[in-house]
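Colleague: no sequence on hand, only this structure:
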């Protein structure tokens, strides 16, 4: 796995990230970070870059947690369905209602 060094600015701070992602992916990350940064600054113009970064991190963690909870729920539903298939509960009955 090769590492890529990607440079961009967050607010007034220049950053260099070492990542295994390519530049195209990182450009999209940078675009999204700037979009979120500007949205927070619009609502909280007095917030410094550190506060904006903390709020962005909390928002990302919140979004990640929601997605993980949704995934876990769907996985549990799938596991129940698979368990029903294996035990024969979900098998279609032949015409005439006899097994």
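Modeller: Sure thing, it's come through. Note that the structure is a prediction, hence the values are computed from the model and not measured. Numbers count the residues shown, from 1 in each chain.

Colleague: quick one, strands of the chain?
Modeller: With DSSP state E applied, the chain shows strands at 4-10, 13-19, listed in chain order.

Colleague: partners of the first one in the sheet?
Modeller: Okay, so that is strand 4-10. Paired strands of strand 4-10, with direction, are strand 13-19 (antiparallel) (DSSP bridges).

Colleague: got a list of contacts for the strand it pairs with?
Modeller: For strand 13-19, contacts defined as C-beta atoms under 8 Å, 6 or more residues apart in numbering pick out 3-9, 26, 49. C-beta coordinates here come from the backbone N, C-alpha and C atoms, glycine included.

Colleague: ranges for the helices of the protein?
Modeller: With DSSP state H, the ranges of helices along the chain come out as 23-43, 49-87.

Colleague: of these, which stretch is the most buried?
Modeller: Comparing the helices of the chain by mean neighbour count (mean count of other C-beta atoms under 10 Å), helix 23-43 ranks first with a mean of 13.

Colleague: which secondary structure elements does that helix sit against?
Modeller: strand 4-10, helix 49-87 (3 or more C-beta pairs under 8 Å, 6 or more residues apart in numbering; DSSP states H and E).

Colleague: low-confidence regions, the chain specifically.
Modeller: In the predicted model of the chain, residues 1, 88-99 satisfy pLDDT under 70.

Colleague: now distance to residue 85 too, for the strands of the chain, in a markdown table please.
Modeller: What follows is the strands of the chain, written out as a markdown table (distance: least, C-beta to C-beta, whole Å):
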| stretch | distance to residue 85 |
| --- | --- |
| strand 4-10 | 44 |
| strand 13-19 | 41 |
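
Colleague: ok, now how distant is residue 19 from residue 70?
Modeller: Going from residue 19 to residue 70 by C-beta to C-beta, to the nearest Å gives 26 Å.

Colleague: hang on, I meant residue 56
Modeller: As for residue 56, its distance to residue 70 is 21 Å (criterion: C-beta to C-beta).

Colleague: related to what we said a few turns ago, a markdown table for the helices of the chain, including distance to residue 13?
Modeller: Formatted as a markdown table, the helices of the chain follow (distance: least, C-beta to C-beta, whole Å):
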| stretch | distance to residue 13 |
| --- | --- |
| helix 23-43 | 11 |
| helix 49-87 | 6 |
